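Undergrad: Test case, fold it:
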Amino acid sequence: METTEMDAMEEEEPQPNPNSLKRFALKNSIQTNFGDDYVFQIVARDDWTAMAVSLSTNAVKLYSPVTGQYLGECRGHSTTINHISFSGPGNSHILHSCSSDGTIRAWDTRTFNQVLCISAGSSQEVFSFSIGGLGDYLLAAGCKSQILFWDWRNKKQVACLEDSHVDDVTQVHFVPSDKNKLVSASVDGLICTFDTVGDINDDDHLESVINVDTSIGKVGFLGDTYQKLWCLTHIETLSVWDWKEARIEANFQDARSLASDSWTLDRVNYFVDCHYSGDDQRLWVIGGTNAGTLGYFPVNYQGMGAIGPPEAVLEGGHTGVVRSVLPMSGKQIGTAQSQGIFGWTGGEDGRLCCWFSDGSPETNRSWISSEFVIKSPRTCKKNRHLPY
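TA: Down below sits the predicted model:
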């Protein structure tokens, strides 16, 4: 059963704001379940007709990103779901997921049935995956110190890279502008780049290695040709690299302090993600507090480098650590755009929160939801700072 608080908003008096922060209205809050479980990740279909939410119940639930309506769930994994992603145009109804149960699964979100399951082995865990290569037929998976490859069409394993990393591979991404290039990142602190053309092996296909010197949590691409990478670590540092040249562009070892000093709210305890706008060529790091407030902090990664005051603040929605942010602002999603939806967030309080921005002066004030479902305190089941 799903409980939803639709448009439960109560306007507050405008507060003086020395940093001219833009604060967003809480449009909708969904309690995902009545247990002690919480949200890991939120992703959307290319056409924005559905969003998938992975939960610590080892299930994935589907919702409308426009209305918050519950659509159904996909269930089959026996332990933690580490990563989910929709297929691209042509098969956008197919959702992929990977888990510490050692499997990668595909789901038809029209029927919520599993349509494919690939196993990395009973002793393996799969922390991340990416689909690319020639014709988008290559499936790469980050596992325990290994990167495994399958031909997605026949489910046959075609390669195993086991010498490049010595610890869990937390991220694998095919480069959007060159689907034959794969970037991996690991708890061992290394970012590796591989050419996946031909018979893939460590000796002949490893092109470059970047040493970040600490356990890596997330990486993502930026730049006109996706030639740069942002990197968030498990000790909350941020760096930007040119992966083609294996050259560092900016290094923020004290990123949390820089973000915390730029606003007047509680100190930033962790980073959720980074967001890059290709249109504006701008990068933001999204920081959060243990009480659930989020800030979009602009990152200047050129020259001396700087993390500036937040350009957006999302507060009043969550009561605990936020795990995932799904931005919708600027997307061509029809009614959602006309309704001014800024995005969705999910966290350890088991809530999905929808944030509202219509671009009018009235949104430059603080809005607080009038009611929330209060859940009893609990012990966190999965350390947010670890990939598994």
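Undergrad: in which helix or strand would I find the residue most central in space within the chain?
TA: Ranked by distance to the mean C-alpha position of the chain (Cα atoms, centre = their mean), the top residue is Ser324 at 5.6 Å. Under the criterion of DSSP states H and E, Ser324 resides in strand 322-327.
Undergrad: Next: Ser260.
TA: Ser260 is part of helix 255-261, with elements assigned from DSSP H and E.
Undergrad: Give the buried residues for that helix.
TA: Along helix 255-261, the positions that meet the burial threshold by neighbour count (16 or more other Cβ atoms under 10 Å) are 255-256, 258-260. All C-beta atoms are positioned from the backbone trio N, CA, C, and that covers glycine.
Undergrad: any chance of the residues you listed in CSV, plus pLDDT and distance to Tyr137?
TA: Converted to CSV, these look like this (pLDDT from 0 to 100; distance: Cβ to Cβ, whole Å):
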residue, pLDDT, distance to Tyr137
Ala255, 97, 38
Arg256, 97, 41
Leu258, 97, 43
Ala259, 97, 41
Ser260, 97, 46
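Undergrad: circling back: tell me what the strand holding Ser324 is packed against?
TA: When contacts are defined as 3 or more Cβ pairs under 8 Å, 6 or more residues apart in numbering; DSSP states H and E, strand 322-327 sits against strand 39-44, strand 270-277, strand 341-347.
Undergrad: try 10 Å
TA: The helices and strands touching strand 322-327, judged by 3 or more Cβ pairs under 10 Å, 6 or more residues apart in numbering; DSSP states H and E, are strand 39-44, strand 51-55, strand 270-277, strand 282-288, strand 294-300, strand 312-314, strand 341-347, strand 351-356.
Undergrad: Show me what the second one pairs with in its sheet, parallel or antiparallel.
TA: To tie it back to what came earlier, the one meant is strand 51-55. Within its sheet, strand 51-55 is paired with strand 39-44 (antiparallel), strand 59-63 (antiparallel), according to DSSP bridges.
Undergrad: who wins for proximity to Ile235 among these?
TA: strand 39-44 (20.4 Å; Cβ to Cβ).
Undergrad: That closest one versus strand 341-347: what angle between them?
TA: Inter-element angle recorded for strand 39-44 and strand 341-347: 150 degrees (by axes from the mean of the first three to the mean of the last three Cα atoms, to 10 degrees).
Undergrad: where along the stretch 1-150 of the chain do the strands fall?
TA: Counting by DSSP state E, counting those that start in this stretch, the segments of the stretch 1-150 of the chain that form strands are 3-6, 9-11, 25-31, 39-44, 51-55, 59-63, 70-75, 81-86, 94-99, 103-108, 113-119, 128-132, 138-142, 147-151.
Undergrad: Please identify the most buried of those strands.
TA: Burial among the strands of the stretch 1-150 of the chain, expressed as mean neighbours by mean count of other Cβ atoms under 10 Å, is greatest for strand 138-142, which shows a mean of 26.
Undergrad: Between strand 147-151 and that strand, find me the angle.
TA: 160 degrees.
Undergrad: Paired strands for the strand holding Ser324, with orientation please.
TA: Paired neighbours of strand 322-327 in the sheet (DSSP bridges): strand 341-347 (antiparallel).
Undergrad: what angle sits between the strand it pairs with and strand 270-277?
TA: Between the axis of strand 341-347 and that of strand 270-277 there is an angle of 150 degrees, by the same axes, to 10 degrees.
Undergrad: report the angle between the axes of strand 341-347 and strand 294-300?
TA: Interaxial angle, strand 341-347 versus strand 294-300 (the same axes, to 10 degrees): 110 degrees.
Undergrad: Can you check what angle separates strand 341-347 from strand 351-356?
TA: On the basis of the same axes, to 10 degrees, strand 341-347 is oriented at 160 degrees to strand 351-356.
Undergrad: Now find how far off-centre strand 341-347 is within its chain.
TA: Distance of strand 341-347 from its chain centroid, counting by Cα atoms, centre = their mean, to the nearest Å, is 12 Å.
Undergrad: Average pLDDT for that strand, rounded please.
TA: Looking at strand 341-347 alone, the average pLDDT works out to 90.
Undergrad: picking that back up, against Asp202, how distant is the residue nearest to the centre of the chain?
TA: Ser324 sits 33 Å away from Asp202 when distances are taken as Cβ to Cβ, to the nearest Å.
Undergrad: before we move on, what about Gln69?
TA: 47 Å.
Undergrad: same deal with Phe127?
TA: Taken as Cβ to Cβ, the spacing of Phe127 relative to Asp202 amounts to 19 Å.
Undergrad: Comparing these two, which shows the higher neighbour count?
TA: When neighbours are counted by other Cβ atoms under 10 Å, Phe127 and Asp202 differ, and Phe127 comes out ahead with 24 against 16.
Undergrad: Could you pull up the residues touching the more buried one?
TA: The contact partners of Phe127, by Cβ atoms under 10 Å, 6 or more residues apart in numbering, come to 80, 82-83, 98-100, 141-144, 168-172, 186-187, 387-388.
Undergrad: let's see 8 Å
TA: With contacts taken as Cβ atoms under 8 Å, 6 or more residues apart in numbering, Phe127 has the following neighbours: 82-83, 98, 100, 142-143, 168-171, 387-388.
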